[in-house]
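Peer 1: Fold the following.
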Amino acid sequence: MNKLYLLIPLAPLAGSIIAGLFGRQIGRAGAHWVTILGVLISTIASFVVFVDTLGGTTFDGDVYTWATVGGIKLAIGFLIDPLTATMILVVSFVSLMVHIYTIGYMADDPGYQRFFSYISLFTFSMLMLVMSNNFLQLFFGWEAVGLVSYLLIGFWWKRPTAIYAALKAFLVNRVGDFGFVLGIGLIFAWFGSLDYATVFKAAPQMAGQTIELLPGSNWLLLTVICICLFIGAMGKSAQFPLHVWLPDSMEGPTPISALIHAATMVTAGIFMVARMSPLFELSNTALSMVIVIGAITALFMGFLGMVQNDIKRVVAYSTLSQLGYMTVALGASAYSVAIFHLVTHAFFKALLFLAAGSVIIGMHHDQDIRNMGGLRRYMPVTWLTSLIGTLALIGTPFFAGFYSKDSIIEAAHALHEAGQMGAAGAFAYYAVLFGVFVTAFYSFRMYFLVFHGKPRFPIDDAHGHDHGQPHGSGKPAGDEHDEHGAHHGGPPQESPAVVTLPLVLLAIPSVVIGFVAIDKLVFSDFMRKAIFVNEAAHPAMKQLAEEFHGPVAMGMHGLTSAPFFLALAGVLLAAVFYLISPKIPAWLQARFGALYRLLANKYYLDELNEFLFAGGARRIGMGLWKGGDVGVIDGVAINGSARLVAWIAGVIRYLQTGFIYHYAFAMLAGVAIVLFFFLTMPYFLAAAAH
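Peer 2: Predicted coordinates for the structure are as follows:
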């Protein structure tokens, strides 16, 4: 086995252990240098492995055997193929940018060493997940990223909202993971192995196998397995209705928002479904469920981004919507397109999150976009990189997001034209198509409110005096609950180089990665070594390949396509609403108050969950307590038995008179009864016999 494979996950793990256990000894600089070095080594090794994979090198083998149960080997191993090589390079590079950025962003935070230890451990967990060659290791990485995300979302543990958000993320993901565990359990029970290669090889022979979920209800085994696995993906990749944890996770520091939402945890579900393509291709029912859930998430989560005022939450809802696009591609059997969008999205979404963090620093930790405006003059690097990320996000031709998003729309269109999946296919196509307009509108709404127009914050005069109160976070300076100590006053300033350098390095692939990589990742044989598609039953990818004539031709055609004009309409409408006639949004809000409240309250899903699930659980618990514990256990079993004993004792007490002649009479009466019984019994038996 190539030692580089071991180095990729273990280098970040070593950095995490050193920073976590010896942070006080090595100090703040030591903590960031050791973790950055670990992730840098991982990035370099990932690049070397990626180049080797381009040359045809693959690997599938065990590192060591963890346990043997009944002749079944449970091993830790690596699968290095084009899908893995792509993922480890993206994960390690984005993580490296986040590590460097964190030096500036968390500079004044008292938990500096702990944070670097956590994000490095997060990187290790994600790398173990994507490199796994079996379901056991996949589950280990799956749960490890969930655990570390809980620690990072609740990093400012004295802030109640952060603790609530961390618990919410943890509990919602447990719902998804319950389905995930059931899927893995079914695979283990029916296939007798947890090794990918073994399961994938045996899958076609299991295509007709059914199981009885309910009496008289037979389901295809692979359909049940795929649906259970996808429920896990719904939790981890924040698909409707298990998406509710992701916007609240913005309570964590901005670097981890970028790391969780760009290239790591939320893409784990997308990666997992792509990896399981040999199973999903055998179940049209599961694919139909995938594409419908993805379409709902892509469109309806985008609507919520239109009314958000927290800069990080706007980007968070954008992440939800883009994850929906990836899921639609998975449901259309365009797995390589989903991975391609995952790659491009990793760069421009990490850029947008980190740029949002730079804006937050410049605004002295005010995150409300209504309090910004005109930052283009104060923060030119942040402005330009944000513009690049926004153009990539809305699918501007020749930018990275265009190539991947347009491919998803074309795949959905091919599915719709072929009449596959019926209404589900049609809904998916129109959802991702109209979602282009929605994405462009909320993205440029945020962009215009932040960087253009008149400043809506106090500006110091020449003598350095504030005119009015700044729109700050409301927390006192140095409060460790706030993002590394809010300081108020003074005009915004460009962030330090340690913050802006990652922005520039992420902006470059946000422009060029789509143009450079589309042919290799989507239309060549590169990904076919890792992803299986039954083109006879699901011809969307075949049709895409027939219509692809190179990235230049695709970009030129994109300038005349419906998605481009929808995106342009969204940009122009945002400009009218927030630059030319800013009174229109307020008028619309007043005119359509019910619709606005529906969106502002996120379709009331939090309230529904609170009433139905959290409230239902409390009501069930109250019933079990009052009826079961107090009524049955305490009232009947414990107190009831005590009362029965007391009643019997009260009755017997009347027989305990204390007079000897009473006891002698009772004894004689007892003897008489016994004698009567034995003397008369033979006569009764004889009479009964006759």
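
Peer 1: which secondary structure element contains the residue lying closest to residue 321 once chain neighbours are set aside?
Peer 2: The spatially closest residue to residue 321, leaving aside those adjacent along the chain, is residue 302, at 4.1 Å (C-beta to C-beta, 6 or more residues apart in numbering). All C-beta atoms are positioned from the backbone trio N, CA, C, and that covers glycine. Here residue 302 sits within helix 284-305, counting by DSSP states H and E.

Peer 1: In terms of secondary structure, what does the helix or strand hosting residue 181 contact?
Peer 2: Per DSSP H and E: residue 181 is located in helix 160-191. With contacts defined as 3 or more C-beta pairs under 8 Å, 6 or more residues apart in numbering; DSSP states H and E, helix 160-191 has these neighbours: helix 135-153, helix 196-202, helix 221-236, helix 245-248.

Peer 1: give me that answer again for 10 Å
Peer 2: Applying 3 or more C-beta pairs under 10 Å, 6 or more residues apart in numbering; DSSP states H and E, we find helix 160-191 packed against helix 135-153, helix 196-202, strand 210-214, helix 221-236, helix 245-248, helix 268-275.

Peer 1: Make CSV out of those and add mean neighbour count, distance to residue 11 and mean pLDDT.
Peer 2: Output for the helices and strands packed on helix 160-191, formatted as CSV (neighbours: other C-beta atoms under 10 Å; distance: least, C-beta to C-beta, whole Å; pLDDT from 0 to 100):
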stretch, mean neighbour count, distance to residue 11, mean pLDDT
helix 135-153, 22, 16, 91
helix 196-202, 16, 25, 93
strand 210-214, 11, 43, 84
helix 221-236, 25, 24, 94
helix 245-248, 24, 29, 85
helix 268-275, 26, 20, 94
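
Peer 1: chain center to the helix or strand just after the helix holding residue 302: distance?
Peer 2: Per DSSP H and E, helix 284-305 leads on to helix 311-331 as the next helix or strand towards the C-terminus. In terms of C-alpha atoms, centre = their mean, to the nearest Å, the centre of helix 311-331 is found 10 Å from the chain centre.

Peer 1: still on that earlier bit, compare the helices and strands packed on helix 160-191 and report which one is nearest to residue 54.
Peer 2: Nearest of these to residue 54, taken as C-beta to C-beta: helix 268-275 at 18.6 Å.

Peer 1: what packs against the helix or strand just after that closest one?
Peer 2: Using DSSP H and E, the helix or strand that follows helix 268-275 in sequence is helix 277-280. Where contact means 3+ C-beta pairs under 10 Å, 6+ apart, helix 277-280 is packed against helix 196-202, helix 221-236, helix 268-275, helix 284-305, helix 311-331, helix 335-362.

Peer 1: tell me which residues in stretch 72-86 are buried?
Peer 2: Judged by neighbour count (16 or more other C-beta atoms under 10 Å), stretch 72-86 contains these buried residues: 74-86.

Peer 1: Equivalent analysis for stretch 358-377, please.
Peer 2: If you call a residue buried by 16+ other C-beta under 10 Å, then stretch 358-377 has these buried ones: 358-367, 369, 371-376.

Peer 1: correct me, but residue 377 touches residue 451?
Peer 2: Yes - contact criterion C-beta atoms under 10 Å: residue 377 and residue 451 qualify, at 9.0 Å.

Peer 1: low-confidence ranges in the stretch 451-600 of the chain?
Peer 2: Along the stretch 451-600 of the chain, the model assigns pLDDT under 70 to residues 459-489.

Peer 1: ok, back up a step: which pLDDT value belongs to the residue nearest to residue 321?
Peer 2: Residue 302 carries a pLDDT score of 92 in this model.

Peer 1: Check residue 612 too.
Peer 2: pLDDT at residue 612 comes out at 84.

Peer 1: a helix runs through it, doesn't it?
Peer 2: Yes - counting by DSSP: H, G, I helix; E, B strand; the rest coil, one finds residue 612 located in a helix.

Peer 1: Pull the number of nearby residues for it.
Peer 2: 10 (other C-beta atoms under 10 Å).

Peer 1: Begin at 55 from now on, thanks
Peer 2: Got it, the first residue is 55 from now on, which makes the last one we talked about residue 666.

Peer 1: And it, how far from residue 448?
Peer 2: To residue 448, residue 666 is 36 Å away according to C-beta to C-beta, to the nearest Å.

Peer 1: ok, the residue nearest to residue 375 - contacts?
Peer 2: 371-372, 374-376, 378-379, 485, 488-497 (C-beta atoms under 10 Å, 6 or more residues apart in numbering).

Peer 1: again with residue 587
Peer 2: Contact analysis of residue 587 by C-beta under 10 Å, 6+ apart lists 331-332, 334-335, 387-390, 581, 593-596.

Peer 1: Can you list the buried residues in the helix holding residue 235?
Peer 2: Neighbour-count burial for helix 214-245 [16+ other C-beta under 10 Å]: 216, 219-220, 222-224, 226-227, 229-231, 233-238, 240-242, 244-245.

Peer 1: Ok, stretch 432-444 next?
Peer 2: Neighbour-count burial for stretch 432-444, counted by 16+ other C-beta under 10 Å, picks out 432, 433, 435, 436, 437, 438, 439, 440, 441, 442, 443, 444.

Peer 1: Looking at those residues, spot the one nearest residue 186.
Peer 2: Using C-beta to C-beta, the buried residues of stretch 432-444 come closest to residue 186 at residue 443, 31.1 Å.

Peer 1: Next, report how far stretch 568-584 is displaced from the centre of its chain.
Peer 2: 25 Å.

Peer 1: Next: stretch 285-305.
Peer 2: 5 Å.

Peer 1: how long is it end to end?
Peer 2: Using C-alpha to C-alpha, to the nearest Å, one end of stretch 285-305 lies 25 Å from the other.

Peer 1: Which among the helices and strands packed on helix 331-334 is found nearest to residue 169?
Peer 2: Here helix 389-416 is closest among these (C-beta to C-beta), at 13.4 Å.
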